[in-house]
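A.B. asks: Here is my input, please return the structure:
(one chain, ligands or ions: 1)
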Amino acid sequence: MKAARFHAREDLRIEDVPEPELRPGTVKIAVAWCGICGTDLHEFLEGPIFTPPPGSPHVLSHEAAPVTLGHEFSGIVEELGKA
Ligand SMILES: [Zn+2]
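C.D. replies: Numbering: from 1, shown residues only. Sure thing, here's the model as predicted:
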């Protein structure tokens, strides 16, 4: 699948990435619409602000740069993870 990946300041790439696997406590959503948030713009222009650097993954998402941006979306829940 295609994803907009933030690598570093002013370095956003559209890349092929594997479809994420469900983890306990997560859901799989088929995205219908996605917007661009001001947070994403600040991350692109001035970041990294919120994106953990490589080797220091976020405690909840377990992700570090490069990361897939986008948190302003709607869609349909397709699958539920355990718990
Ligand atoms: Zn937002």
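
A.B. asks: what's the burial count for the closest residue to the ion within the chain?
C.D. replies: Closest residue of the chain to the ion, C-beta to the ion: residue 37 (3.1 Å). C-beta coordinates here come from the backbone N, C-alpha and C atoms, glycine included. Residue 37: 14 surrounding residues under other C-beta atoms under 10 Å.

A.B. asks: Would you confirm that it contacts residue 72?
C.D. replies: Yes - counting by C-beta atoms under 8 Å, residue 72 is a contact partner of residue 37 at 4.7 Å.

A.B. asks: Could you tell me which residues make contact with the residue of the chain closest to the ion?
C.D. replies: Counting by C-beta atoms under 8 Å, 6 or more residues apart in numbering, residue 37 touches 70, 71, 72.

A.B. asks: Now do the phi/psi pair for the last one.
C.D. replies: Residue 72 has phi and psi values of phi -110, psi 80 when expressed as degrees, to the nearest 10.

A.B. asks: Excluding chain neighbours, give the residue nearest to it in space.
C.D. replies: Nearest residue to residue 72, sequence neighbours excluded (C-beta to C-beta, 6 or more residues apart in numbering): residue 35, at 4.0 Å.

A.B. asks: Around the ion, which positions in this structure sit nearby?
C.D. replies: With C-beta under 5 Å from the ion as the criterion, the chain meets the ion at residues 37, 39.

A.B. asks: can you give me the helices for the chain?
C.D. replies: 38-46 (DSSP state H).
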